[in-house]
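[1] with the sequence up front, the predicted model follows.
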Number of protein chains: 4
Amino acid sequence: MLRVAIAGASGYTGFELVRLLGRHPQAELKAITSRALAGQRLDAAYPALKRHCDLVFQLPEPDLLASEADLVFTALPHQAAMDIVPALLDRGLKVVDLSADYRFRDAGVYAEWYQAHKTPELLSEAVYGLPELHRDAIRKARLVGNPGCYPTSAILASAPVLAKGLIDPKTLIVDSKSGVSGAGRGASLGVHFCEVNEGFKAYKVAEHRHTPEIEQELSGVAGEAVRVTFTPHLVPMTRGILSTTYASLRDGVSHSDVDEAYRSFYREARFVRLCGTGELPVTLHVRGSNYCDIGWKVDERTRRLIVVSVIDNLTRGASGQAVCNMNLMSGLPEETGLDEAPWQP
Amino acid sequence: MLRVAIAGASGYTGFELVRLLGRHPQAELKAITSRALAGQRLDAAYPALKRHCDLVFQLPEPDLLASEADLVFTALPHQAAMDIVPALLDRGLKVVDLSADYRFRDAGVYAEWYQAHKTPELLSEAVYGLPELHRDAIRKARLVGNPGCYPTSAILASAPVLAKGLIDPKTLIVDSKSGVSGAGRGASLGVHFCEVNEGFKAYKVAEHRHTPEIEQELSGVAGEAVRVTFTPHLVPMTRGILSTTYASLRDGVSHSDVDEAYRSFYREARFVRLCGTGELPVTLHVRGSNYCDIGWKVDERTRRLIVVSVIDNLTRGASGQAVCNMNLMSGLPEETGLDEAPWQP
Amino acid sequence: MLRVAIAGASGYTGFELVRLLGRHPQAELKAITSRALAGQRLDAAYPALKRHCDLVFQLPEPDLLASEADLVFTALPHQAAMDIVPALLDRGLKVVDLSADYRFRDAGVYAEWYQAHKTPELLSEAVYGLPELHRDAIRKARLVGNPGCYPTSAILASAPVLAKGLIDPKTLIVDSKSGVSGAGRGASLGVHFCEVNEGFKAYKVAEHRHTPEIEQELSGVAGEAVRVTFTPHLVPMTRGILSTTYASLRDGVSHSDVDEAYRSFYREARFVRLCGTGELPVTLHVRGSNYCDIGWKVDERTRRLIVVSVIDNLTRGASGQAVCNMNLMSGLPEETGLDEAPWQP
Amino acid sequence: MLRVAIAGASGYTGFELVRLLGRHPQAELKAITSRALAGQRLDAAYPALKRHCDLVFQLPEPDLLASEADLVFTALPHQAAMDIVPALLDRGLKVVDLSADYRFRDAGVYAEWYQAHKTPELLSEAVYGLPELHRDAIRKARLVGNPGCYPTSAILASAPVLAKGLIDPKTLIVDSKSGVSGAGRGASLGVHFCEVNEGFKAYKVAEHRHTPEIEQELSGVAGEAVRVTFTPHLVPMTRGILSTTYASLRDGVSHSDVDEAYRSFYREARFVRLCGTGELPVTLHVRGSNYCDIGWKVDERTRRLIVVSVIDNLTRGASGQAVCNMNLMSGLPEETGLDEAPWQP
């Protein structure tokens, strides 16, 4: 039985980890930390968890975590993660970091979009935790940078056609729409029910920090530098991301070439489901699951490919993918504890 | 491994049964039926189920069900249920019926609120499937009438204080609020998003068919005839029922008498969670689970007890409770397959 | 042209006042105040108002308000209202106060539910601003205590049958459900979209401060002391209150007696609409308007009357009613500026 | 006083016309028609309208309409509109048609996306009712084809930069998101609350009939053939469209060139509001109004312009714009009856 801990368990992704670990047959949650809630029971913050978890929040001490766990999920804000991750690694722990701190290969890119990196030497070791692209490396990793929610939906949408060279990378546009839980559990006017309800909007247009993450991974797939225009939007719903990706097809590429690229790229993918012809994915259909559902269409009039991908931002976009990475790092089948049907309706 | 089938699996309660059975370690779903969708795959109607169920809807033939299953969930409209249940019992099957047809002990009451009963002789045998009240009888039953969603929330709310004689039964009022999934999956103006959104309303005031069901069970608990005023409302949300129950305390009854009544009545209850002092339950906190969360308050100014109870109408109010009944009828621990934490947020 | 000002215009009721005054043919909004936003333009806080209001928030100085306006709406928290209202009256201004500070006739009741009153001598002069009960007094008032949102829906629901002695006042129960805008525009976990969505709940059971306000007015109507049990709930929607009121009919009272009581009581009421037989009101149907829609049903089985009343909490429950009171205090027809159809859908 | 009628008044756009005409100082609604509801009162279908309209639905007879009205809004399905519009024109009526039947200049385009046109000879006369592009022609028209909801948001977003030649027309992509009221009031599984809630999705990708309408108008503005990729999505909210438009800037075009293009193009526009630098529009802020709010950003990394435009789909996207066209056709100021602030929240 794998012993795990969560550093920073008070937010929505922390709760989702608790939920998923609670049904995992091979992992046991041994400790949770929160500076703000240290000393309180988890189920006082989340009454939904009564009878499911009697853990008490502790302070995030590396020695304590090392004594309780073999693997730690760090669900902390960026910067706070890199303050503790080295100490955890030093004590022999494996780490799945849900912040942005270990997603980048290039400390310069991180510095440009976030701030100076404190442990750049770890970046070459850390593995970007998207199993469809890096499954083997994740299996051997002791540090995984768990992907952002938007990048997960965006990278999975265009990797197959970029890998085959079917689209022109310079034309890539990702228009994403996210439920409100992606903004976290903190209170602000922006997540006030009366401001969100009937209040669809775009935000951080052309400046969202998930942009370089998408570019890093798609560049790797394409074998050339990829730049994308990325626009996030806020949807009046709790869970779910839908990304609509646009790209121009290269000359001579047919609809069946595209179909074939998706089918072959995801032939073995446990958590990617491809829509049939004429079908399109819906956020409701992946809720609570680790699936990414993908549909696509060729617009022959403009010779563009339109790809629609959906995930649950808290599950596949954060905690479910983190558990999947834990499974791979621990020699377990990747679907362990993640094999239930989505919630409906 | 218990072999089960669902007759009438195309609606929301049918889907919820599929979801819950999919994670049940001791039961296997072998057949599903639907007159309207016979010949189609379940995951064509519910794309969320892709990779989780490859069953095809069949016609509801008793012989077929008997060859495939040991126990059948009948998730059919009332009247349609009693057309098939006798044939299922004749073939040696156990039945959990989710319609109203086998919830009543008195065919006259059923006739008054629904229509004439076709198999009144089965009513004395059928057991009302609320485990907190009838656990032992359910264990021995071959036919269980699975409770309605509103009655589940209402009966659990006042049974403890009625059983102890702490309230005056003549003063019972149940004001219930339900999410839209309780109306089923059929399309109508009443469930149109634009009519429901911002459109809170009461309906079937003083004439809802769940009234006599509440009265039957509470009369049994109280040991005297109980009549309630019951008012259902529609809430702009998908899942959840919250019932607010009002009753006058008998003279001399104290707040601690009430507390003690709830604590002792539900001491062993696996799926009832009692709120602490000053806490009140929230529909969000039981979503996707079989819990009924209950809180209460004494209004000393008016000497009334106010009880607030919440359930997920599709889980505890229908399919989760049905699985719990299946467990009991099959000699399994009642929580088998039902022990996961609620969804949040 | 009537010159008006709003003291405390930064919240939802403040905005609603601006919206309603913007279409009022006889009133002109001359000044708005906010300590927090002093110096900022209103349309910076509310971009929806661009091109509709170029006012700048000022500090709430009585002399300034007296120089700009003839009548002031005080949309301040309780306590803050009574800090400024006397100074406004001293300067010859009329005041419609939207806080609780001038709703009570008895300073002792106010002290019991709020805190000690600083200007008890004004309570005998202030008029409770529910036009259906106090129209003539409002016309002559210089200070109106604008009713709370819940009390408006509750008082209008049972006044007719209490006035006629058709129900037993000791049996009155008011079960109310409100949209989230009633909680104001301040950010907190309780109004976070992800906590409200699918999260129906009761709160402040048997201790909400609107209770004594309901009792004061219904006692006046009934001619005897009335005590009610009042339970507020939070609905996942932005606007609207629906109150379900229960009371036992006195012996011999018939359904037509009840019908007649409502028809006669509201014969002249410009802003009360009575449902026809078999109809029930819906919050959606009064959105943005000053209407209170009322429907009722007699439950002959239990001899109880169930009344369902709906209002828009921001319009009839606050700012619309305040404008109506302004009209009456200024000699204008009460519907001036309030005569548009509700929003739909 | 202008006398007007609505042919096909039973849907959401019909209701919205009634609402807007109810507050119009210069127009009077004299007749409404509906085949399905003939003989019923409007306020039976829309209880919100009680006390605001006592009209009864009539059969859509041209002679009747001609005797009652000077101008008719035809809010009928496409095809049904062209069955009646010629007869109305023959009787000397002016017509604002809300269907697609008179939006196209080229009967071939209409035939390709809809079906054969029955009155192609009227297409050269009909004016596309977008005042910002065709104000003068609308003033002289007797037949206006009122724009579709998506096209209104899309055309207004890129007209200024196309007119100035700042973007490459071949790169235009419009990613639009609409509230559910755009689907009309008919009941279907697709608008069921439980399917829409948490169920964001794309639909009719690269095949929606609003595509050629956008192209016709933008081609006119650009002075060359424009082809767009257009993707509509369904948002879990009632009202509102947000369109995100992407296009590549031509070499040398600066951010201030873009700013200047918008400022000058819309200098006189009564119903377009431009966001300030760093601001972006929100659907909530235009609700119930005729505004189109527009914000934009240049992504210097990719040299793309991203424009975000929002409207209320029922008001600016249908009935508000129709009333604006009526005003222009009748010699009234275009804002007559449309000058109120948006609803908030």
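    That came through, no problem.
[2] for A:Thr238, give me phi and psi.
    When read as degrees, to the nearest 10, the backbone of A:Thr238 gives phi -80, psi -50.
[3] measure it to A:Leu328 for me?
    28 Å (CB to CB, to the nearest Å). (Each C-beta comes from the backbone N, C-alpha and C, glycine too.)
[4] now A:His24: how far from A:His52?
    Distance, A:His24 to A:His52, using CB to CB: 13 Å.
[5] in stretch A:109-127, which residues are buried?
    Buried residues in stretch A:109-127, defined by neighbour count with 16 or more other CB atoms under 10 Å in any protein chain shown: A:Val109, A:Tyr110, A:Trp113, A:Tyr114, A:His117, A:Thr119, A:Leu122, A:Leu123, A:Ala126, A:Val127.
[6] neighbour count winner among A:Thr238 and A:Leu328?
    A:Thr238 (29 against 25; other CB atoms under 10 Å in any protein chain shown).
[7] that one against B:Gln344, yeah?
    No. Counting by CB atoms under 8 Å, A:Thr238 does not reach B:Gln344; the two are 9.8 Å apart.
[8] what ranges does the stretch 201-345 of chain A have for its helices?
    For the stretch 201-345 of chain A, applying DSSP state H, counting those that start in this stretch gives helices covering A:211-222, A:255-265, A:320-329.
[9] what does chain A put close to chain B?
    Within reach of chain B by CB under 8 Å from any CB of the partner chain, chain A has these residues: A:12, A:15-16, A:18-19, A:22-23, A:46-53, A:181, A:185, A:238-239, A:273, A:279, A:281-282, A:284-288, A:293, A:340-345.
[10] rerun that using 6 Å as the cut-off
    Proximity of chain A to chain B, by CB under 6 Å from any CB of the partner chain, involves residues A:15, A:19, A:22-23, A:47-50, A:52, A:181, A:238, A:273, A:285, A:340-342, A:344-345.
[11] intersect these with the contacts of chain D.
    Contacts with chain D within the residues of chain A next to chain B, counted by CB under 6 Å from any CB: A:Pro345.
[12] ok, which residues in the stretch 151-300 of chain A are in contact with chain D?
    Proximity of the stretch 151-300 of chain A to chain D, by CB under 6 Å from any CB, involves residues A:173, A:175, A:177, A:194, A:198-202, A:205-206, A:227, A:229, A:231, A:235-237, A:240, A:242, A:244, A:246, A:280, A:282-284, A:297, A:299.
[13] if I look at the closest residue to A:Val272 other than its chain neighbours, how far off is A:Arg273?
    Leaving out its chain neighbours, the residue that sits closest to A:Val272 by CB to CB, 6 or more residues apart in numbering or on different chains is A:Tyr266, at 4.4 Å. A:Tyr266 sits 9 Å away from A:Arg273, going by CB to CB.
[14] also A:Arg304?
    In terms of CB to CB, A:Arg304 sits 23 Å off from A:Arg273.
[15] between those two, which one's more packed in?
    Using other CB under 10 Å as the criterion, A:Arg304 and A:Arg273 rank with A:Arg304 on top: 24 against 21.
[16] and that one, what's its pLDDT?
    Predicted confidence (pLDDT) for A:Arg304: 98.
[17] do the same with A:Gly240
    Confidence score, pLDDT, at A:Gly240: 98.
[18] what is the burial count for it?
    So A:Gly240, with other CB under 10 Å, has 32 neighbours.
[19] narrow the buried residues of stretch A:109-127 to those in strands?
    A:Val127 (DSSP state E).
[20] I figured A:Ala247 hits A:Leu172, correct?
    Yes. If you go by CB atoms under 6 Å, A:Ala247 and A:Leu172 touch, sitting 5.0 Å apart.
[21] can you identify each of the strands in the stretch 101-250 of chain A by residue range?
    For the stretch 101-250 of chain A, strands defined by DSSP state E, counting those that start in this stretch occupy the ranges A:127-128, A:143-145, A:173-178, A:201-202, A:229-234, A:241-248.
[22] would you mind giving those as a markdown table with distance to C:Arg142 added?
    Listed next are those as a markdown table, based on distance: least, CB to CB, whole Å:
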| stretch | distance to C:Arg142 |
| --- | --- |
| strand A:127-128 | 70 |
| strand A:143-145 | 67 |
| strand A:173-178 | 52 |
| strand A:201-202 | 44 |
| strand A:229-234 | 46 |
| strand A:241-248 | 56 |
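[23] which one of those lies closest to chain C?
    The closest of the strands of the stretch 101-250 of chain A to chain C is strand A:229-234. By CB to the nearest CB, the value is 9.4 Å.
[24] report the secondary structure state of the residue lying closest to A:Leu314 once chain neighbours are set aside.
    Counting by CB to CB, 6+ apart, A:Leu314 lies nearest to A:Glu16, which is 4.6 Å off, once chain neighbours are set aside. Assigned by DSSP: H, G, I helix; E, B strand; the rest coil, the conformation of A:Glu16 is helix.
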